[in-house]
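A.B. asks: turn this into a model:
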Amino acid sequence: MAVPRFPIYGYLAEFHSGEELVRAAVRTKQAGYQVVEAYTPLPMEEVSHALGHHDGRLPWIVLGGGVLGALVGFGMQYWISVEAYPLNFGGRPLNSWPSFIVVTFEMTILFAALAAVLGMFALNGLPRPYHPVFNVPLFETASRNRFFLMILSRDERFELVGTRAFLESLGPLAVEEVPH
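C.D. replies: Okay, here's the model as predicted:
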């Protein structure tokens, strides 16, 4: 296990509104901080854009799941119809692909949906029953009416005094240390 660089997990700044959080997120990214998290009581796409949280891996995972599902669906029917239990109905060839389309399509959708759910869980690091930010009493209002921005100590630009001063310059209601 790697030894943490700093004795804290990061600094958490509380903001009164979503607009203040978006402005703070933009200024934080402009200042060069890269490892930043935001917590809001409602979905805010502007915050994700301001922080640059654009992960393009999920569509590729879903595509891979869909292709795998199509191959499994078609392959299963081919194996059953041609190899395992060949029956000739009405003089059709054993590999009659038009009759395989419905099951192949359904398996494509099923595997793509499962890949989307599992990929989302994996990329979001879920399930996560514990996070250091849960130890901060200030964070209890996160799901009700407050907006939070956290700069993590593993950021290259993080400094104990400098980062706290930067967050305080953004005009938050409060800035708290987040213990490990």
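A.B. asks: show the pLDDT at the residue nearest the centre of the chain.
C.D. replies: By Cα atoms, centre = their mean, the chain has its centre lying nearest to residue 124, at 3.5 Å. Reported pLDDT at residue 124 in the predicted model: 86.
A.B. asks: any idea how far it is from residue 89?
C.D. replies: Summarising the geometry, the distance separating residue 124 from residue 89, computed by Cβ to Cβ, to the nearest Å, is 48 Å. Where C-beta positions appear, they are placed from N, C-alpha and C, glycine not excepted.
A.B. asks: quick check: residue 148 is in a helix.
C.D. replies: No - the secondary structure assignment for residue 148 gives strand rather than a helix, going by DSSP: H, G, I helix; E, B strand; the rest coil.
A.B. asks: was I right about it contacting residue 44?
C.D. replies: No - between residue 148 and residue 44 there is no contact, the gap being 11.8 Å when judged by Cβ atoms under 8 Å.
A.B. asks: which neighbours do these two share?
C.D. replies: Counting by Cβ atoms under 8 Å, 6 or more residues apart in numbering, the shared contacts of residue 148 and residue 44 are 21, 38.
A.B. asks: gap between the longest strand along the chain and the chain center?
C.D. replies: Across the chain, the strand with the greatest residue count (assigned by DSSP state E) is strand 8-15. On the basis of Cα atoms, centre = their mean, to the nearest Å, the separation between the geometric centre of strand 8-15 and that of its chain is 21 Å.
A.B. asks: try stretch 157-172
C.D. replies: Relative to its parent chain, stretch 157-172 has a centroid offset of 26 Å by Cα atoms, centre = their mean.
A.B. asks: average pLDDT for it, rounded please.
C.D. replies: If you average the pLDDT values across stretch 157-172, you get 93.
A.B. asks: who touches it?
C.D. replies: With contacts defined as Cβ under 8 Å, 6+ apart, stretch 157-172 is touched by 5-6, 8, 10-11, 13-15, 20, 23-24, 27-28, 31-35, 149, 151-152, 155, 175.
A.B. asks: before we move on, what about stretch 25-42?
C.D. replies: With Cβ under 8 Å, 6+ apart as the test, stretch 25-42 has contacts from 18, 21, 44, 47-48, 50-52, 133, 139, 142-152, 154-158, 163, 166, 170.
A.B. asks: now do stretch 115-126: distance to the chain's middle.
C.D. replies: The chain centroid and the centroid of stretch 115-126 are separated by 7 Å under Cα atoms, centre = their mean.
A.B. asks: what residues of it count as buried?
C.D. replies: For stretch 115-126, a neighbour-count test (16 or more other Cβ atoms under 10 Å) marks 115-116, 119 as buried.
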